[in-house]
Structure formats: structure tokens, C-alpha cells
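make a model of this:
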Amino acid sequence: MASKKAVLFNLWGVVVSPRPAETFLKFEETHKLPSGFLEKLVTNEDSAMQRAERGKLSLSQMIPELDAECVSAASDQKVSLPAGFSVKSLLEELRDSTTVNKHILQTVATLRRQGLLTGVLANQWVDDSGCGDSSGRLLSLLGGHFDVVLQSCRTGLRVPEADLFISALKQLGVPPKQVHAHTHTHTHNLTCHHFSLVRSKNARISMEGKFQLKTHYQRRDITIEGYCHRRDITIEEILP
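Presented below is the predicted three-dimensional model:
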């Protein structure tokens, strides 16, 4: 019997656009903040945004904490924040500008017809703002197109943590297989198996585009082999 194969898609920048980093940059330019000010702040694993993505804070709880982090970082870096500054408008822009890439959904439909399993890995927080209908509609749409949708706020795990991939594999029923890969862009401790991860809209598909994540799971090493694909990925680049 042929082994099951799966293709996992990163939500941001692949299934939906734009990537949060693009929205952050636009916000920084609008408010005359140093480039990378917000990106550096939110990528700290103890930041309010990452805690919200792990389900430890809701959106309404995240906003004041993230505001306070911005004020503290601005003070440390001697950056002037505009009067009445709040990340609330940034997060609203991120929500309102999110667009589903329909050609990715078409690609997914073709993959599933070819017998491949598909999943989405999403770094997201719980939207309790009262304007969360868009989040609900997005989840409903994804659930209708993919075999599994894993949200970080529900699992407590974020992309690119190994346990999130392992959870996806278990839900899809795809057994791990020892495969070692190398990358020139990632040096994570990762392990890979029999699936592709569509994670980047810009990276070219190539042997050098693989990444390797090694982790110890249930007393054995699991290797997760991922291929970085462009957002304009073609079926021929995924199918064996």
C-alpha cells in the first residue's frame, strides 16, 4: 500500500495575503517609525502577540499589553511614538486587508483529487473584538478546502515549532519517515517526513530550498522535510 502524502500550507503569505510583516512595514512608514520596529518587537517569544498566538491572551487582552511593549521599546530606542498611538488600528488593518489567494485553493482542490492530504498551519489569536465574523468566515472557508486546519491559539503551538507539524501529521494519519534535508535559510532543530510545507511565496523550489527541523518525539528523532514554494506554485512542482 502506498504511503500517505500530505502538503502543509502556511496561512500567512501563502493561503492569504499580505504577510503580517508587510502590514507592519506599511504601518511603520505611515507613523514614521524605524523600519523593523514592530517586527523586532512581536518576534520576541515573550511578546504579547506571540502569547496571544499561543492562546494565552485574547485580542482584547493583547492590545493594551502590546501597546505597553511598544511604549517601552520606544523609550529604550529613543523613538517618538505619535500622540494616541495604539496597535489597535494596526491589527484592524491586518484583519481588513486579509485576502484569500483563490489560486491556492484551486491548487489544493487539484492535490486532493490526486489523493494528497492537505493542511493549513496558522499563527492566529482569538478574536473577541465583536468584529470577528471575518475570522469565522475564513475558518469556515479553510475547513471546506483543507483536510485539517491547525490554529496556534487552539493548539498552543506556533509555526515553525516541530510539535505543530507532528500534530498535523497525526491528525492526517501520515506516518513519519526518516528523511534528512538541508537548508541555506533555516538552521532550526527540525525533523522531517513525507510531506511538503508550502511556507514561502518567494522562495524558489529547489534542493537548496529545503529546510530541516529535528526534534525528539516519543524517544525517536522525527525529520520533517519541507519545500519552500512561491505563492504562484504550480501542481507540477508539488506532485511527484
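
contacts, neighbours, all on C-alpha from now
Noted.

quick check: buried residues in the lengthiest helix in the chain?
For the chain, the helix that runs over the most residues, judged by DSSP state H, is helix 59-77. For helix 59-77, the neighbour count (16 or more other CA atoms under 10 Å) marks 59, 61-63, 65-67, 69-71, 73-74 as buried.

next: stretch 82-99.
For stretch 82-99, by 16+ other CA under 10 Å, it's 86-88, 90-91, 94-95, 98.

likewise stretch 134-148?
Those would be 135, 138, 142, 145-148, for stretch 134-148 by 16+ other CA under 10 Å.

need the max-distance pair from these.
Ser135 and Asp147 (18.4 Å; CA to CA).

can you list the buried residues of helix 59-77 in JSON lines and add pLDDT?
Formatted as JSON lines, the buried residues of helix 59-77 follow (pLDDT from 0 to 100):
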{"residue": "Leu59", "pLDDT": "95"}
{"residue": "Gln61", "pLDDT": "97"}
{"residue": "Met62", "pLDDT": "98"}
{"residue": "Ile63", "pLDDT": "97"}
{"residue": "Glu65", "pLDDT": "98"}
{"residue": "Leu66", "pLDDT": "97"}
{"residue": "Asp67", "pLDDT": "97"}
{"residue": "Glu69", "pLDDT": "97"}
{"residue": "Cys70", "pLDDT": "96"}
{"residue": "Val71", "pLDDT": "96"}
{"residue": "Ala73", "pLDDT": "96"}
{"residue": "Ala74", "pLDDT": "96"}
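
related to what we said a few turns ago, what's the next secondary structure element after the longest helix of the chain?
helix 88-97 (DSSP states H and E).

by contact count, what packs against that following helix?
Packing contacts for helix 88-97, counted by 3 or more CA pairs under 8 Å, 6 or more residues apart in numbering; DSSP states H and E, involve helix 20-30.

buried set for the helix it packs on?
20-21, 23-25, 27-28.

got the contact list for it?
The contact list for helix 20-30, computed with CA atoms under 8 Å, 6 or more residues apart in numbering, reads 12, 34-39, 90, 93-94.

which of these ranks first by neighbour count?
Trp12 (22 neighbours; other CA atoms under 10 Å).

how far out from the middle of the chain is the helix or strand containing Ile104?
In this structure, Ile104 sits in helix 102-113 according to DSSP H and E. Chain-centre distance of helix 102-113: 19 Å, with CA atoms, centre = their mean, to the nearest Å.

tell me which residues of that helix come out buried.
104-105, 107-108, 111-112.

count of residues packed around the residue lying closest to Trp12 once chain neighbours are set aside?
Leaving aside its chain neighbours, Trp12 sits nearest to Arg19 (5.2 Å; criterion: CA to CA, 6 or more residues apart in numbering). Burial measure for Arg19: 16 neighbouring residues, criterion other CA under 10 Å.

Arg19 contacts Gly13, doesn't it?
Yes - counting by CA atoms under 8 Å, Arg19 touches Gly13, with 4.6 Å between them.

for the protein, what spans make up the helices?
20-30, 37-42, 48-53, 59-77, 88-97, 102-113, 133-145, 152-155, 162-172.
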